[in-house]
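>>> pasting the structure only:
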DNA sequence: GATAGTTTCATACAACTGTTTGAATTGCAA
DNA sequence: TTGCAATTCAAACAGTTGTATGAAACTATC
């Protein structure tokens, strides 16, 4: 299998360029220039540009998914097959947030790449994301076990909102910093994780009568 | 100023095509074919492709922003300068959700266009979104007046999470439907609005001691 | 050290892109 | 009608893109 030198040089260069300048204006020629390899090498080693992008994204996202599942499994084992909902949610959003946020000047190339992937969402990446559902189902299962009295619908919505807060915060981290004039500290990742988990937990555990019903009544009035 | 016929035919055709097929694979030639006008007409009337896209997006988003501000103003006037936080949040996320969700087969072209814009995020649109901060500040102001005891940081985070849930639900509505096997009814927009508002309200009003502190403690343990 | 298989290379290809041009046409005012 | 500006049109332009090709260079095996 030779030395893999060219192949990994392309991967590294591509990830760096995509992270810095986005998918929109990075061409294969840019990548091979950065990697100091021949233009044809990309198609030789990866088949096509899209497959290169896909490989980059898959590599990173299976790493994240592995972390997620590891945290989940550990938690459930420790709890005898049932983990507290906070811990499940933390396993869900923690790895992603830790992977993408943190002190801006020391964000890894991988992190910045994943942020780009989250913002721009090109076709090869979208295709992969669509297959993520099976992975999410494992969390749905854990959440059901953790909150057996909760309806499936509420579980799905809770999961949706948890992912929403994590991903949106990553996508729009710059805007939040600007809007809050730096008051929201996105470098303190553990604080961000705690906030997301806290709100998602409330969403999933709040009694319907006390909290949701009034909101619905209000909704009806507003028509 | 003549009849504007060509100009509006281009706008309509472009919006329809972008809504159906996304920004990625719709060319100017596709648009002029659909609109039955000459290729050069786009540059004549709009200057460039990007300006065409920008005009489409600006038109729709100022409409949404107007609705938002109208709801907000009405609510604050009714409350003597201070509106309940639920109503403010509803004014923030309601128009967007109503504009983009609803029974799939009767979604307007405009709605589907805005979903695309939310998913793909091309450069001309991103530029416009960056100028949205001033608009959001008005909501920050209203939220401060509504929750005078709350810290600015908490306000910003609450706003961020509210937008997160709304936008993510729009962006990933298909996936949520698939994941929940149809159990989450995204056609019932008012239910979605109520859920988002309810969770965001909890995020903004929950006492720190009762809810957030334990989560943080847990975070610390998990290190 | 010849051979077979892998990898690299320069180059060309073919297609598509947004944009421009300059002539033709139209519509309106004097 | 005449004249002038606004609009439309066909055609070409200029540049870029990802991909394919076939020869050259390399590597390891026998």
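It's in. Since the model is a prediction, treat every value here as computed from it, not as a measurement.

>>> So what's the residue count around residue A:5?
10 (other C-beta atoms under 10 Å in any protein chain shown). Any C-beta I mention is one placed from the backbone N, CA and C, and that applies to glycine too.

>>> From residue B:144, how far out is it?
57 Å (C-beta to C-beta, to the nearest Å).

>>> pretty sure residue A:92 contacts residue A:160?
No - the pair residue A:92 / residue A:160 is not scored as a contact, 11.2 Å apart, by C-beta atoms under 8 Å.

>>> any idea which element the spatially most central residue of chain A lies in?
Central residue of chain A (C-alpha atoms, centre = their mean): residue A:96, 4.3 Å from the mean position. If you go by DSSP states H and E, residue A:96 is part of helix A:85-100.

>>> which bits of chain A sit near DNA strand C?
A:1-2, A:5-7, A:37-41, A:44-45 (C-beta under 7 Å from any atom of the strand).

>>> cutoff 6 Å now
Contact residues (C-beta under 6 Å from any atom of the strand) of chain A with DNA strand C: A:1-2, A:5-6, A:37-41, A:44.

>>> hey, where'd the strands end up in chain A?
Using DSSP state E, chain A contains no strands.

>>> so where do the helices sit in it?
A:5-21, A:28-35, A:40-46, A:49-78, A:85-100, A:109-120, A:123-130, A:133-146, A:152-171, A:173-179, A:189-205, A:213-222 (DSSP state H).

>>> Please see if the longest one touches DNA strand D.
Yes - legend: contact between helix A:49-78 and DNA strand D by C-beta under 6 Å from any atom of the strand is shown at residue A:49.

>>> Check which helices and strands that helix is in contact with.
helix A:5-21, helix A:40-46, helix A:85-100, helix A:109-120, helix A:123-130, helix A:133-146 (3 or more C-beta pairs under 8 Å, 6 or more residues apart in numbering or on different chains; DSSP states H and E).

>>> Out of those helices, which is closest to DNA strand D?
helix A:40-46 (3.7 Å; C-beta to the nearest atom of the strand).

>>> Quick one: residues in contact with the closest one.
A:6-7, A:10, A:28, A:31-32, A:49, A:52, A:55 (C-beta atoms under 8 Å, 6 or more residues apart in numbering or on different chains).

>>> Looking at it now, give me its mean pLDDT.
The average pLDDT for helix A:40-46 rounds to 97.

>>> Over to stretch A:86-103?
Rounded mean pLDDT across stretch A:86-103 is 95.

>>> swap in stretch A:132-149?
Averaged across stretch A:132-149, the pLDDT comes to 97.

>>> re earlier: please name whichever of the helices of chain A is nearest to residue B:17.
helix A:123-130 (16.8 Å; C-beta to C-beta).

>>> is chain B contacted by that closest one?
Yes - Helix A:123-130 reaches chain B (C-beta under 8 Å from any C-beta of the partner chain) through A:123, A:129-130.

>>> Let me have those in TSV, extended by neighbour count and distance to residue A:23.
Converted to TSV, those look like this (neighbours: other C-beta atoms under 10 Å in any protein chain shown; distance: C-beta to C-beta, whole Å):
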residue	neighbour count	distance to residue A:23
A:123	15	10
A:129	15	14
A:130	11	18
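
>>> between these, which is nearest residue A:171?
residue A:129 (13.6 Å).

>>> check contacts around the closest one.
A:121, B:175.

>>> where's it relative to residue B:159, distance?
From residue A:129 to residue B:159 the distance is 26 Å (C-beta to C-beta).

>>> With adjacent residues omitted, what lies nearest to residue A:199?
residue B:203 (4.3 Å; C-beta to C-beta, 6 or more residues apart in numbering or on different chains).

>>> returning to that earlier point: and the helix holding residue A:96, what does it pack onto?
Checking 3+ C-beta pairs under 8 Å, 6+ apart, helix A:85-100 ends up next to helix A:49-78, helix A:109-120, helix A:133-146, helix A:152-171, helix A:189-205, helix B:213-222.

>>> ok and it relative to helix A:109-120, angle-wise?
100 degrees (axes from the mean of the first three to the mean of the last three C-alpha atoms, to 10 degrees).

>>> Give me the buried stretch members for helix A:85-100, please.
A:85-100 (16 or more other C-beta atoms under 10 Å in any protein chain shown).

>>> Pick out whichever of those sits closest to DNA strand C.
Nearest member of those to DNA strand C, counting by C-beta to the nearest atom of the strand, is residue A:99, at 30.1 Å.

>>> what's the least confident helix or strand in chain A, going by average pLDDT?
helix A:213-222 (a mean of 40; mean pLDDT, DSSP states H and E).

>>> Identify the farthest-apart pair in the residues of chain A next to DNA strand C.
Among these, the pair separated by the greatest distance (C-beta to C-beta) is A:1 and A:39, at 22.4 Å.

>>> Name the residue in these two with the higher neighbour count.
More neighbours surround residue A:39 than the other of residue A:1 and residue A:39, with 13 against 4 (other C-beta under 10 Å).

>>> Surely the more buried one is in contact with residue A:28?
Yes - the pair residue A:39 and residue A:28 passes the contact test of C-beta under 8 Å, sitting 6.4 Å apart.
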